[in-house]
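Participant: Below are the sequence and a predicted model for it; my questions follow.
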Amino acid sequence: MRLDKYLKVSRLIKRRTVANEACDAGRVLVNEKPARASYEVKVGDILEISMGTHPMKAKVLSINEYARKEDAGLMYEIIS
């Protein structure tokens, strides 16, 4: 699944366009490297998102293109 779509489906970022802009601006790192919106997310990847004043680190646990709201929190684990 594309990185921008994963960020939206997992609800780490609310809108896909915002996720796309964050990737283009270099505010999203995957495994400590800047990632484009088209990056294919894999289970085990570490995502670092620098939006606002509170940076967030999350580990990808599962990939599900059609996650419901209740299942979105099960797709990742917050590291710090």
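Facilitator: Okay, I see it. All figures in this text were calculated on a predicted structure; none of them were measured in a lab.
Participant: Confirm I63 sits in a strand?
Facilitator: No: counting by DSSP: H, G, I helix; E, B strand; the rest coil, one finds I63 to be coil, located in no strand.
Participant: Which residue is the nearest non-sequential neighbour of it?
Facilitator: M1 (5.2 Å; Cβ to Cβ, 6 or more residues apart in numbering). For the C-beta atoms, the positions are set from N, CA and C on the backbone; glycine is no exception.
Participant: and the one you found, how many neighbours?
Facilitator: When neighbours are defined as other Cβ atoms under 10 Å, M1 has 16 of them.
Participant: tell me what the longest helix anywhere in the chain is packed against?
Facilitator: Longest helix in the chain by number of residues (criterion: DSSP state H): helix 16-24. For helix 16-24, the elements it packs on are helix 3-9, judged by 3 or more Cβ pairs under 8 Å, 6 or more residues apart in numbering; DSSP states H and E.
Participant: Now tell me what touches the lowest-mean-pLDDT helix or strand in the chain from outside.
Facilitator: Every helix and strand in the chain was compared by mean pLDDT, DSSP states H and E; the lowest is strand 76-78, with a mean of 89. Contacts with strand 76-78, where a contact means Cβ atoms under 8 Å, 6 or more residues apart in numbering, come from S10, L12, L47, M56, K57, A58, K59, V60, L61.
Participant: What residues of it count as buried?
Facilitator: Y76 (16 or more other Cβ atoms under 10 Å).
Participant: partner strands of it, parallel or antiparallel?
Facilitator: Counting by DSSP bridges, the strands paired with strand 76-78 are strand 56-60 (antiparallel).
Participant: Let me know the pLDDT of the residue nearest to I63.
Facilitator: M1 is assigned 91 on the pLDDT scale.
Participant: go on, the one 3 residues further on?
Facilitator: In this model, D4 is scored at 95, pLDDT.
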